[in-house]
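Q: One predicted model, sequence on top.
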Amino acid sequence: MTENKKYYFISSLKKGMDVLELLAEHSELSVSRTARALGYNRAGAHRFLATLKELGYVDQNRNGHYELTFKILELSTKLASRFEIRKTAMSFMQELSKKYTETINLGFLEGVDVVHLEKINSPEILRIDSEIGSRAQAQHTALGKAILAYLPEPDLESFWSNAKQDPSTSKSIASRESLLKELQQVKARGYALDNEELCLGLRCIAVPIFDKAGHPRYSISISGPSPRMPVRRIHEMEKDMLRIGRELSDSLKNFAQG
């Protein structure tokens, strides 16, 4: 174990998780490809795959290649079911989807990333989708900034000290001062914007969702290609977004009380 690893760090467990993550990125893999991709010897890669197969997380297809089983999906489903907000938010997300025909996202802050918890895809052919469970640097997204703007100062300072400083696009926030200025604007107007900061050609508007204690627990956004999301249209969305943010926050408070 290297000096910078914690005493409790189990290297073999990490290697097993690396195998799972690699399989999640590919439809199927042979033992040799797994070993090459992760820098393991072939015998070691085979032991990890065989163990995961024994546990039910992977299986072999008719070509002898390994692929993930639905047991992984079962885990994610059980985790997602803990988020009551998904059920509460769905009717509001459907309302926004029907009115604006753009992708609707629900997210939360985990560490320095915003995680997509639920979504409704745009019916349009041209769209940019994020998979449920996917992550993005919070300061580069409307979903993330809607939450960051209302964090206590110590939490925000901790966020910035741990956040990755590499920009996603040429328009991404690249300094602490720029982030603080942007978050002040978010609080002043009540909603956050992503103007091609995560992905060129994508714009978003998002509002925070507060819990009973007034903490920004989640956020909801509308995202779409820049040509369909000009400033004029974003202003049209503003009233609905602010209302839905308030109503979802009230629903979350009522749920917490129940």
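A: Noted; the coordinates are in hand.
Q: When you work out contacts or count neighbours from here on, use the C-alpha atoms and nothing else.
A: Fine.
Q: can you pull out the strands in the protein?
A: 58-60, 66-68, 103-110, 113-120, 135-137, 192-195, 202-210, 216-225 (DSSP state E).
Q: quick check, distance from the longest one to the centre of its chain.
A: Going back to what we said before, that points to strand 216-225. How far strand 216-225 lies from its chain's middle: 11 Å, per Cα atoms, centre = their mean, to the nearest Å.
Q: Now do that strand: which elements does it pack against?
A: Other helices and strands packing on strand 216-225, by 3 or more Cα pairs under 8 Å, 6 or more residues apart in numbering; DSSP states H and E, are strand 103-110, helix 142-148, strand 202-210.
Q: Deepest in the core, which of the ones you listed is it.
A: Among those, judged by mean count of other Cα atoms under 10 Å, the one packed with the most neighbours on average is helix 142-148 (a mean of 30).
Q: I'd like the mean pLDDT over that one, please.
A: The average pLDDT within helix 142-148 is 97.
Q: Show me how far it is from its chain's centre.
A: 11 Å.
Q: which residue of this protein sits farthest from its center?
A: residue 43 (35.1 Å; Cα atoms, centre = their mean).
Q: Who does residue 194 form a beta bridge with?
A: When bridges are called by DSSP bridges, residue 194 pairs up with residue 204.
Q: Quick one: residues contacting it.
A: 140-142, 202-205 (Cα atoms under 8 Å, 6 or more residues apart in numbering).
Q: repeat that for 10 Å
A: 139-145, 171-172, 202-206, 221, 223 (Cα atoms under 10 Å, 6 or more residues apart in numbering).
Q: Specify which member of those is nearest to residue 191.
A: Of all these, residue 191 sits closest to residue 206, with 5.6 Å by Cα to Cα.
Q: Count the neighbours of residue 226 for me.
A: 15 (other Cα atoms under 10 Å).
Q: Ok, the one 3 residues further on next?
A: By the other Cα under 10 Å criterion, the neighbourhood of residue 229 contains 21 residues.
Q: Hmm, it is touching residue 127, no?
A: No - counting by Cα atoms under 10 Å, residue 229 stays clear of residue 127, with 11.6 Å between them.
Q: Find the residues that touch each one of those two.
A: 102, 202, 223.
Q: picking up where we left off before, possible to save the strands of the chain as TSV with mean pLDDT?
A: Shown next, in TSV, are those (pLDDT from 0 to 100):
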stretch	mean pLDDT
strand 58-60	91
strand 66-68	92
strand 103-110	94
strand 113-120	93
strand 135-137	92
strand 192-195	96
strand 202-210	96
strand 216-225	95
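Q: Now distance to residue 14 too, for the ones you listed, in TSV please.
A: Below are the strands of the chain laid out as TSV (distance: least, Cα to Cα, whole Å):
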stretch	distance to residue 14
strand 58-60	17
strand 66-68	17
strand 103-110	20
strand 113-120	21
strand 135-137	20
strand 192-195	34
strand 202-210	34
strand 216-225	30
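Q: So for residue 238, which of those strands sits nearest?
A: Nearest of the strands of the chain to residue 238, taken as Cα to Cα: strand 202-210 at 8.0 Å.
Q: can you tell me which residues contact residue 168?
A: By Cα under 10 Å, 6+ apart, the neighbours of residue 168 are 136-137, 140, 174, 196-200.
Q: nope, residue 71 is what I meant
A: Going by Cα under 10 Å, 6+ apart, residue 71 touches 55-58, 77.
Q: ok, now with 7 Å
A: 56-57 (Cα atoms under 7 Å, 6 or more residues apart in numbering).
Q: repeat for residue 56
A: Counting by Cα under 7 Å, 6+ apart, residue 56 makes contact with residue 71.
Q: Quick check on it: phi, psi?
A: Dihedral angles of residue 56 (phi, psi; degrees, to the nearest 10) stand at phi 90, psi 10.
Q: What backbone torsions are found at residue 214?
A: phi 80, psi 20.
Q: Adjust the sequence numbering to begin at 612 for everything that follows.
A: Got it, first residue is 612 now, which makes that one residue 825.
Q: Look up the pLDDT of it for me, please.
A: According to the prediction, residue 825 has pLDDT 90.
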